[in-house]
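Visitor: Sequence and predicted structure, then a few things I'm wondering about:
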Amino acid sequence: MKLFSEKMSPTGTINLDAIQKLFTITELDDISVFVRETAQNSWDARKDKNSKLDIDLDYKVGKISPDLQKSFDKTFFAAATVEIKDKIQRYTREGETYLIVQDKGTVGLAGPTLATEKGIKNNYVAFLLNIGQEHNDASAGGAFGFGKSVFFRASTPKTILIYTRTRNAEEKLESRFIGVTLHKTPGDTTQTGRHWWCEPGVANGQTIPRPIIGSEADKLGELLGIKAYTSDETGTSIAVIGPEFDNLKRIGQNHPDSKQLAECIAEAANFWYWPRMEGGGAQDGKLRCKVWHENSQVIPFDYAETAPFKAYKDCLAVIQKAVAAGGNSGLTNNPFQQFHEIKYQYKRVGYLCLTKYLREDRQPFKSRIVDPDSGAVMSHPLGTILWKTVNEEATNRHVALVRSPGQVIQYLRLPECSDNMMEYAAVFFLHPEGANGGELLQYFTKSEPAAHDRWESNNNAGPVANTLSKIKELVRDFARPESLGASSSASGLGNVSSSLASLWSSGEGSGGIRVKRGGGGGGGGATSKIKVKPGKLFAIEGVNYVSIQFSAPDLEGWSATVKATVKSVLYGGGNDDIDEDEEGSPRLIGWFEQEPSTGTLKMISSQALSTSPAFTIEQAYEGKPLYALFLAPSKYWAEFNILTTNG
């Protein structure tokens with residue numbers, strides 16, 4: 001391969017460093033930025049954007065072999081200048097890490113190879129020649145054309161190699177191979193800093209960079225370790241030389257551990273692209289994403305079964321039904337979910353689904369990178385959702401904002417549940433209705449910065465501000481229903497819960513259980529209130545249990561009988577009530593005079609005052625704390641009630 005260095009134009013050139021810095025103006029970590037942008041690039045390049053076809057996206061992390069080092073030295077970079085060779089060579093040695101991003105089912109880098117030519121597709125020119133072009137498709141992921149810069153940002157020597165199988169300007173299948181290095185010599189005003197590894201050609205009397213095509217391109221791809229595309233298969237593979245990410249570099253890993261890098265990439269793909277892996281809100285095709293370390297697939301976790309993502313997935317499933325049905329506010333009658341159609345000026349903007357559930361422990365995500373010297377957890381945009389820190393429990397209190405490409409634009413952090421044992425997940429899917437839906441969509445795409453990591457509104461009017469305001473209001477009412485001004489008896493706090501929205505009080509209070517004094521036929525008629533404290537969630541032998549403390553401070557010579565009832569449904573499955581006697585389902589374990597939080601279940605159960613659903617509070621327990629213990633498996637939504645009976 002030959003080296004072609006772009007000469008400076010008399011009219012100047014764009015500042016490449018400035019483009020890369022656009023992606024530093026974000027709260028996202030750089031592995032998240034890389035995965036979000038590369039996945040988005042592939043999804044935007046799918047063959048038929050109106051079809052429901054799936055595409056494949058693979059990330060392959062490996063170590064440079066002796067044969068690959070030889071290919072770098074003798075084939076790919078043999079024509080390097082001394083200065084560029086010094087820059088690249090350190091990262092092309094045996095044992096160094098390299099990264100390949102490969103997609104299939106996309107159009108590849110299609111179309112003409114000259115910026116002055118036009119074709120049906122212009123992906124090649126857009127990716128390799130033009131910088132910062134805004135594209136007109138509002139439903140596409142990017143609106144700035146800077147997404148390709150993440151490849152160079154991830155490469156320490158700012159060098160990538162591209163192999164693509166596509167259709168040329170004549171719509172004939174063609175393999176192409178080309179490389180790019182960004183390197184600016186200080187003080188040099190003759191070159192732009194863009195260098196191509198290519199087969200230079202001539203057009204209009206000027207020397208230009210041309211890709212190597214045909215079987216020679218296939219051979220170069222195979223040297224790089226990429227299996228050639230077959231038959232009419234099309235797609236693009238990009239090798240990042242010397243991958244380096246701040247997530248790893250900041251803890252002293254200047255040469256990143258290749259397996260840890262693969263694991264972090266795999267997690268980031270699930271963190272941000274699970275909606276598209278599920279087919280998106282409109283079920284218009286899936287992103288089949290796999291991550292490999294050497295020849296072994298890395299499967300970090302099953303988001304469909306892992307907290308907190310399974311709750312988001314359940315919300316998306318409700319929205320998918322709504323989209324398929326054309327909108328239906330009655331799609332969920334689950335007491336632990338809400339569904340809303342968000343409108344702006346009487347037109348639908350999108351759908352919002354919310355779900356609430358008991359807090360769950362998090363698995364040890366690999367992206368939780370710890371500084372070996374200080375022991376501090378490195379910053380991560382999802383850190384407060386995914387892992388416990390010194391100052392804060394992992395808590396899901398977010399809305400996943402999603403639009404048509406299927407990635408999560410942002411996990412919008414909102415007020416937490418009033419009950420500190422609860423957390424919630426919500427999904428808002430931007431899905432405008434009508435012929436002018438694309439016009440409405442433009443407001444949101446244009447509100448996104450280059451990293452596409454949030455929707456910004458500079459005023460309090462317009463569809464973006466209006467939609468975000470409605471989402472925040474609905475979530476606040478869902479998470480903190482007492483803010484609606486309901487009385488304790490109406491909200492159900494006294495009988496611990498009449499719905500999950502008020503499952504447990506967030507602080508000590510009177511509650512609304514009314515104890516009848518007089519017994520029998522009800523003589524006397526005066527009442528006393530039972531004190532109820534917040535429930536406590538804990539694990540016994542790996543299973544979740546809930547302990548609820550209550551007391552009768554003023555029986556005045558009478559006894560009171562309370563009864564425990566349980567209502568539950570499977571987490572994420574149907575709305576049918578679960579039989580309380582079903583093995584492993586939520587149920588009362590017993591009544592206790594000591595908090596039942598330590599020991600085995602057998603040992604704790606032996607200390608129960610009673611295991612009957614009904615329990616009589618005798619004079620001996622007046623003013624003393626009592627406890628009801630419930631089994632609360634995480635695969636169920638459960639509603640626990642402590643009700644008084646006459647007598």
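Guide: That came through, no problem.
Visitor: Next up, the contacts around the residue nearest to A266 when sequence neighbours are not counted.
Guide: Leaving out its chain neighbours, the residue that sits closest to A266 by CB to CB, 6 or more residues apart in numbering is V291, at 3.8 Å. All C-beta atoms are positioned from the backbone trio N, CA, C, and that covers glycine. Contact partners of V291, counting by CB atoms under 8 Å, 6 or more residues apart in numbering, are D58, Y59, K60, V61, A262, E263, I265, A266, A269, Q297, V298, P300.
Visitor: Tell me what V291 is bridged to.
Guide: Y59, V298 (DSSP bridges).
Visitor: for stretch 409-424, how far is the first residue from the last?
Guide: The separation between the terminal residues of stretch 409-424, taken as CA to CA, to the nearest Å, is 18 Å.
Visitor: Now do the buried residues in it.
Guide: Residues 409-412, 414, 416-424 are the ones in stretch 409-424 that count as buried (16 or more other CB atoms under 10 Å).
Visitor: Same question for stretch 109-126.
Guide: Quick answer for stretch 109-126 (16+ other CB under 10 Å): 109-114, 119, 121-126.
Visitor: Lowest-confidence entry in the residues you listed?
Guide: Least confident of those in the model: G119, at 75.
Visitor: What strand or helix carries it?
Guide: Counting by DSSP states H and E, no helix or strand carries G119.
Visitor: any idea how far the nearest residue in space to I226 that is not next to it in sequence is from K70?
Guide: Spatial nearest neighbour of I226, excluding adjacent residues (CB to CB, 6+ apart): S237 at 4.7 Å. Distance, S237 to K70, using CB to CB, to the nearest Å: 20 Å.
Visitor: Then L224?
Guide: Per CB to CB, L224 is found 12 Å from K70.
Visitor: So which of the buried residues of stretch 109-126 belong to helices?
Guide: Assigned to helices by DSSP state H, the following of the buried residues of stretch 109-126 qualify: N123, Y124, V125, A126.
Visitor: Reformat those into a markdown table and put distance to N544 next to each item.
Guide: Output for these, formatted as a markdown table (distance: CB to CB, whole Å):
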| residue | distance to N544 |
| --- | --- |
| N123 | 50 |
| Y124 | 54 |
| V125 | 56 |
| A126 | 51 |
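Visitor: Can you give me the neighbour number for D257?
Guide: Counted with other CB atoms under 10 Å, residues neighbouring D257 total 13.
Visitor: wait, what's in contact with it?
Guide: Contacts of D257 (CB under 8 Å, 6+ apart): L248.
Visitor: Just want to check the distance between it and A632.
Guide: 39 Å.
Visitor: quick one: R397 and Y411 touch, right?
Guide: No. Contact criterion CB atoms under 8 Å: R397 and Y411 do not qualify, at 9.5 Å.
Visitor: that older thread, the buried residues of stretch 409-424: which two are farthest apart?
Guide: Pairwise distances across the buried residues of stretch 409-424 (CB to CB) peak at 29.4 Å, for the pair I409 and M421.
Visitor: Please identify which of L224 and K70 sits among more neighbours.
Guide: The neighbour comparison of L224 against K70 (other CB under 10 Å) goes to L224, with 21 against 13.
Visitor: Can you get me a residue count around G584?
Guide: Quick note: G584 (other CB under 10 Å) scores 11 neighbours.
Visitor: quick one: average pLDDT of the longest helix seen in the chain?
Guide: The residue-count maximum for a helix in the chain (DSSP H) belongs to helix 258-277. The average pLDDT for helix 258-277 rounds to 94.
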